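> give the three-dimensional model of this entry:
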Amino acid sequence: MENAGRQGAPAWKRGLLAGALGAGMVLAAAGVREWKMEQERAAALSGAQTAVLAETLTETEAESLPQIRTEAESQPQQLQEKKKIALTFDDGPHPYYTDQLLDGLAERGVKATFFLLGCNIEGNEEVVRRIAEEGHLIGNHTWYHVDITTLSQEEACAEIQNTSRKITEITGQPVEYVRPPFGNWDKELECEVMMIPIFWSVDTLDWSTRNADRLVDQVVSEAEENDIILMHDSYDSTVKAALRIVDLLQAEGYEFVTADELILE
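Take a look at the predicted model:
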């Protein structure tokens, strides 16, 4: 009886057990292979992205990318959360440079904010429509770029209302935000529609210098989380600088958002 009790499981049971173990080993091996393939694909993609990014930068900027990437990868995952920042462009739309800027932003998957002058919209309706269709925020910059605090309430409201009306006719979207020229806003201004003013924390003064390298150095060295950067989509140097700024700050872990996301948080 003892010998009978010690006999192994019947052959058919041993076969099932062996089959189950074998299948488990195959699945485990497949899982390891899939994991390794994912790692290899991620490494290849990261390398390709770095190569493309390097093509848009100066030699000095490109040399810093491997160090930026290594430092980012060495940080704990919880410390790699995206830092939000906003690019804003005044005085458009421009018949040439705004489209160039939009092309570059689309390639990088970046959304920005455009404060339009009513007097620049006529003849550039397609540019305005494109800004809206590609998911950027459109704001009001008055009709003639005037200091509204020097106008009567009726004149100031006309500057704002006429611009908003023109934008809405083209995009079908209401205009809720305004950037008052020179940063001068009348809090007591009462027009038909309440407007929310959006100012800035980094002024590039790009209208006074057409040096793209200087603009890049200034913004990248000064930029901090939740900054709103003021630029103008009216100059070739600004377009080139803005796209390099995006590349460098994205490499440092920044996420570009529309300005309303920062002021409404």
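
> for the longest strand along the chain, name the packing helices and strands.
When the chain is parsed with DSSP state E, its longest strand is strand 83-92. The contact analysis (3 or more C-beta pairs under 8 Å, 6 or more residues apart in numbering; DSSP states H and E) places strand 83-92 against helix 97-108, strand 113-116, strand 228-232, helix 236-251, strand 254-256, helix 259-263. From N, CA and C alone the C-beta is placed, and that goes for glycine too.

> can you pull the buried residues of the first one?
Pointing back at helix 97-108 there. Using 16 or more other C-beta atoms under 10 Å as the test for burial, helix 97-108 gives 97-99, 101-102, 104-105.

> relative to strand 83-92, how tilted is it?
160 degrees (axes from the mean of the first three to the mean of the last three C-alpha atoms, to 10 degrees).

> and for the fourth one?
With the same axes, to 10 degrees as the criterion, the two stretches helix 236-251 and strand 83-92 enclose an angle of 170 degrees.

> by contact count, what packs against helix 236-251?
Partner elements for helix 236-251 (3+ C-beta pairs under 8 Å, 6+ apart): helix 65-74, strand 83-92, helix 97-108, helix 212-222, strand 228-232, strand 254-256.

> columns mean pLDDT on top of those, output as a markdown table?
Formatted as a markdown table, the helices and strands packed on helix 236-251 follow (pLDDT from 0 to 100):
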| stretch | mean pLDDT |
| --- | --- |
| helix 65-74 | 55 |
| strand 83-92 | 98 |
| helix 97-108 | 98 |
| helix 212-222 | 97 |
| strand 228-232 | 98 |
| strand 254-256 | 98 |
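
> which one of these lies closest to residue 167?
Counting by C-beta to C-beta, residue 167 lies closest to strand 83-92 out of the helices and strands packed on helix 236-251; the figure is 11.4 Å.

> so what are the sheet partners of that closest one and their directions?
strand 113-116 (parallel), strand 228-232 (parallel), strand 254-256 (parallel) (DSSP bridges).
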